[in-house]
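K.L.:
Model the structure of this input:
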Amino acid sequence: PLNCTNHTAYVGCLPAPNITCKNFFGNETQFTGKEIGFYKPIECRNVNGYSYKVAVALSLFLGWLGADRFYLGYPALGLLKFCTVGFCGIGSLIDFILISMQIVGPSDGSSYIIDYYGARLTRLSISNETFRKPQIYP
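P.N.:
As a prediction, this is how the structure comes out:
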């Protein structure tokens, strides 16, 4: 959605025709189905033009030159990989794995552009507020 900030976007919702709503002040509004009744917040991903496919391809084919790190906005690491020929190949392999698993992303903190929400990882964390369901053994 447009105007995605802080992982939230507001989408206009159209009430069904002939619906009457009353707001907090007691004012009633009759909707025809063509006007926006309210804005619903939905979760969204912040993207700034970094493609997941391009990042993986650069990492696979030109990772030993540091092109993947330059593309993602890490020029110092890109230059270091260029000067050391991808840390003798080991750094290129590690970066390919990290970029493929989406552990390393764009430097500005945005998400990758992935076609049709393709295979995207969601990081899960367990804290004291996490509910654990006990296993029942037969």
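K.L.:
measure the residue nearest to Asn48 when sequence neighbours are not counted to Cys4 for me?
P.N.:
Of all residues not flanking Asn48 in the chain, Ser110 sits nearest, at 4.2 Å (CB to CB, 6 or more residues apart in numbering). (Each C-beta comes from the backbone N, C-alpha and C, glycine too.) Ser110 sits 10 Å away from Cys4, going by CB to CB, to the nearest Å.
K.L.:
the domain parsing of this structure - what is it?
P.N.:
When the chain is parsed with the TED database, its domains come out as 8-43, 47-137.
K.L.:
got a markdown table for those domains, with mean neighbour count and mean pLDDT too?
P.N.:
Listed next are the domains of the chain as a markdown table, based on neighbours: other CB atoms under 10 Å; pLDDT from 0 to 100:
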| stretch | mean neighbour count | mean pLDDT |
| --- | --- | --- |
| domain 8-43 | 11 | 87 |
| domain 47-137 | 14 | 87 |
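K.L.:
Can you tell me the element Tyr112 falls in?
P.N.:
strand 111-113 (DSSP states H and E).
K.L.:
Which residues does that strand contact?
P.N.:
Arg45, Asn46, Val47, Gly49, Tyr50, Ser51, Tyr52, Ala55, Gln102, Gly105, Pro106, Arg120 (CB atoms under 8 Å, 6 or more residues apart in numbering).
K.L.:
all strands in this structure, in order from the N-terminus.
P.N.:
Counting by DSSP state E, residue ranges of the strands within the chain are 8-13, 19-22, 28-31, 38-43, 47-51, 111-113.
K.L.:
can you list those strands in a markdown table and add distance to Lys81?
P.N.:
Listed next are the strands of the chain as a markdown table, based on distance: least, CB to CB, whole Å:
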| stretch | distance to Lys81 |
| --- | --- |
| strand 8-13 | 36 |
| strand 19-22 | 58 |
| strand 28-31 | 58 |
| strand 38-43 | 35 |
| strand 47-51 | 18 |
| strand 111-113 | 20 |
